[in-house]
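**Q** A structural model of the following input is requested.
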Amino acid sequence: HNTLCSTCRKKPLGETCFFKYLFECYECSHSKWVGYEGAPMPSIVVSSFFNEFHLGFVMNRRHSCCITCLLCFFVIVIYPSFSSATPPPENTSRSLLAIERLSLVLRTQDNLPTDIRWGYLPIVLKTLDISPDSQTLVFSKTSFQQHRISPRRPRAIYFNDTTYVGWVRDSPVIEFAVADPDCGVRFYTLTSKKPSAELELREGRQQPLFERNTTRCVACHDNSRTLGVPGFLVRSIICNPEGRFVEGAPTSVTDHTTPFGNRWGGWYVTGNHGRQRHSGNALCTDPLNPGWIDKERGANQPHLPDFISPESYLRPTSDIFALMVLAHETQMHNHLMRLRHTAIACQLDNDDDHNATPGEKGRLTNRLSHIADEFVRYMLFLDEPELTSPITSSSPYRESFEKRGPWDDQGRTLREIDGTKYLFTYPCSFLIYSESFDSLPQFAKQAVGDRLRSILVSTEDDQERPVRFTQFDCKNIAAILKATKYEFWQTYVVASPESM
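**A** Below is the predicted model of the structure:
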């Protein structure tokens, strides 16, 4: 009984906890067991059962064999049905529920429709409610699948408001990044493993492996580029003809505040943008001049390069509007998570039971005020550079994006794309409808509401209003939010802090 666990090499095997013999040790059972998200581990189930009924026994050989057989029966026969039927927690976000639903579909349904070219991608997008029109293509090697990515075989990104799917042609792996209101972002992978001949003969289909990734992606998705929180990232990188980053070339995070000329290095861009130039569709061919690319050659491309077959992807485009929306919403999620974390820390320090000094409380309150200011500036597109030429596109993405609503009684929506001077007609982020925003602490919502009040409904002189906004913008956004986000508007914007 003093033998160390053969996996973690840390904890001696217990003398009375019989289930540790099956799973080696309590710690390893959590790390090794792959079960339905939200379902309890088998070890916890069995332990709780025996503790509840106070069943005691002597661990001799006969008892050990009998109990081990019973436990094996439970794990192999009973637990899978119990696990798949266990509902997720009630407070699980819609995006995570969609991932749970996808996991359940992949595990339980036989003969799932797969395409010879795209594999599980169509059924994945349908289950997650992601439009194929959102397709964008990135050829820079900025993924753990970099050995499969190149300018001739770019990685496709499909997305909605909260979920992002990465797909590489001829790869058995599909990548997922999902917005989580609690921890920022979760990463998953779906791997299509080639079945054995016996399994293929018995079941007639591949067995996909759907699992959460907790280590591989965090190195790039939790740093200063994501505002110091686990989040999303769209990068602009100057690439060589192989898709690798050119040493010494500039690189930047792309969002709606990025100058147009610095956007989308390492990405394909389809659409018309007039006289303005971006960094997409271009490669650096001169190693002695790493910062130079031929932006003129990559401008105003109606379709993908000829060496990329249109049949290789779900859509023959990498739409410019989809790229602009993607850049905005990824960084917006990071702003939401940073504001949430800071507000929670501020609430804890203001708690009477917390031993924080007045100086510490003051510093954290000032930090929350600063982050709330930055959040509202980003949410209202106050730092968005003006377009110098109108943007147009033949892709149906614009229509599929706008029809998601919601609308006020005059048919206005925050999703309405403009493309003449700015991205949106009504400059307020549509992610104000997201669960990440709804889950913000009251402390944070009040800080956001105070700033919206001063900008949108303040009766002060127009000189106090941001330059980006006109009186027309303020009235329209206020009317839309009042109609489509009524509870937040009435509670935190219209009501004064004293009335809270």
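
**Q** going by C-alpha atoms from here, please, whenever you check contacts or count neighbours.
**A** Noted.

**Q** so what's R186 up against?
**A** Going by Cα atoms under 8 Å, 6 or more residues apart in numbering, R186 touches 177-180, 212-214.

**Q** off-centre distance for the helix or strand hosting it?
**A** Using DSSP states H and E, R186 sits within strand 184-193. Distance of strand 184-193 from the chain centroid (Cα atoms, centre = their mean, to the nearest Å) equals 11 Å.

**Q** look up phi and psi at F245.
**A** Phi and psi for F245, reported as degrees, to the nearest 10, are phi -60, psi 130.

**Q** what do you get for G419?
**A** Taking degrees, to the nearest 10 as the convention, G419 sits at phi 80, psi 0.

**Q** numbering from 32 from now on, please.
**A** Yep, numbering from 32; the last one is G450 now.

**Q** where does it land on pLDDT?
**A** pLDDT for G450: 96.

**Q** do R125 as well
**A** Confidence score, pLDDT, at R125: 75.

**Q** state the number of residues packed around it.
**A** 14 (other Cα atoms under 10 Å).

**Q** got a list of what it touches?
**A** Contacts of R125 (Cα under 8 Å, 6+ apart): E466.

**Q** out of the contacts of R217, which is most surrounded?
**A** Ranking those using other Cα under 10 Å puts A210 first, with 28 neighbours.

**Q** right, and it touches S126 too?
**A** Yes. Between A210 and S126 there is a contact under Cα atoms under 8 Å: 7.0 Å.

**Q** what touches both of the two?
**A** Contact with both A210 and S126 is made by residues 193-194, according to Cα under 8 Å, 6+ apart.

**Q** hang on, G262 packs against V216?
**A** Yes. The pair G262 and V216 qualifies as a contact (Cα under 8 Å) at a distance of 5.5 Å.

**Q** who has more neighbours out of those two?
**A** Comparing G262 with V216 by neighbour count (other Cα under 10 Å), the higher total belongs to G262, at 30 against 22.

**Q** for that one, give me its contacts.
**A** 210, 215-216, 252-253, 361-362, 364-365, 368.

**Q** switch to 10 Å and redo it
**A** By Cα atoms under 10 Å, 6 or more residues apart in numbering, the residues touching G262 are 208-211, 214-217, 249, 251-254, 256, 361-369.

**Q** the strands in this protein, which residues?
**A** In the chain, the strands defined using DSSP state E lie at 167-169, 186-190, 194-199, 204-211, 215-224, 238-244, 266-268, 282-284, 298-299.

**Q** tell me which other helices or strands the second one touches.
**A** To tie it back to what came earlier, the one meant is strand 186-190. When contacts are defined as 3 or more Cα pairs under 10 Å, 6 or more residues apart in numbering; DSSP states H and E, strand 186-190 packs onto helix 152-158, strand 167-169, strand 194-199, strand 204-211, helix 351-381.

**Q** per-residue confidence at T289?
**A** On the pLDDT scale, T289 gets 97.

**Q** got a list of what it touches?
**A** Counting by Cα under 10 Å, 6+ apart, T289 touches 283, 358-359, 414-416.

**Q** mind giving me the ChimeraX command for buried ones among these?
**A** Only the buried members of those enter the following ChimeraX selection, criterion being 16 or more other Cα atoms under 10 Å:
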select :283,358,359,415,416
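
**Q** which one of the contacts of T289 sits closest to F276?
**A** Proximity of these to F276 was ranked by Cα to Cα; the top entry is S283 with 12.1 Å.

**Q** quick check: that closest one touching G292?
**A** No. The pair S283 / G292 is not scored as a contact, 11.5 Å apart, by Cα atoms under 10 Å.

**Q** which neighbours do these two have in common?
**A** Joint contacts of S283 and G292 (Cα under 10 Å, 6+ apart) do not exist.

**Q** low-confidence ranges in the protein?
**A** Scanning the chain with the threshold set as pLDDT under 70 gives 32-124, 141-142, 224-238, 245-250, 380-393, 490-496, 527-531.

**Q** pretty sure Y409 is touching H359, no?
**A** Yes. If you go by Cα under 10 Å, Y409 and H359 touch, sitting 8.9 Å apart.

**Q** overlap in contacts of these two?
**A** Here Y409 and H359 have 286-288, 460 as joint contacts, going by Cα under 10 Å, 6+ apart.

**Q** which of the residues you listed has the largest number of neighbours?
**A** Within the shared contacts of Y409 and H359, D286 tops the neighbour count with 26 neighbours, counted by other Cα under 10 Å.

**Q** nearest residue to that one in space, please, no chain neighbours.
**A** A358 (4.3 Å; Cα to Cα, 6 or more residues apart in numbering).

**Q** quick one, what contacts that neighbour?
**A** 263-266, 284-289, 294-295, 352.

**Q** and it, how far from Q502?
**A** Between A358 and Q502 the distance is 27 Å, computed by Cα to Cα, to the nearest Å.

**Q** check R183 too.
**A** For R183 relative to Q502 (Cα to Cα), the value is 48 Å.

**Q** the two: which is more packed in?
**A** More neighbours surround R183 than the other of R183 and Q502, with 15 against 12 (other Cα under 10 Å).

**Q** now that one. Nearest residue, chain neighbours left out?
**A** Nearest residue to R183, sequence neighbours excluded (Cα to Cα, 6+ apart): I339, at 6.2 Å.

**Q** where along the stretch 332-481 of the chain do the helices fall?
**A** 351-381, 389-410, 428-433, 466-469, 473-483 (DSSP state H, counting those that start in this stretch).

**Q** got the contact list for F406?
**A** 363, 365-367, 369-370, 400, 412, 479, 482.

**Q** kindly indicate which of these lies nearest Q521.
**A** V479 (12.9 Å).

**Q** report how many residues lie close to the residue nearest to G279 when sequence neighbours are not counted.
**A** The shortest distance from G279 to any non-neighbouring residue, by Cα to Cα, 6+ apart, is to P321 (6.1 Å). Using other Cα under 10 Å, P321 has 19 other residues around it.
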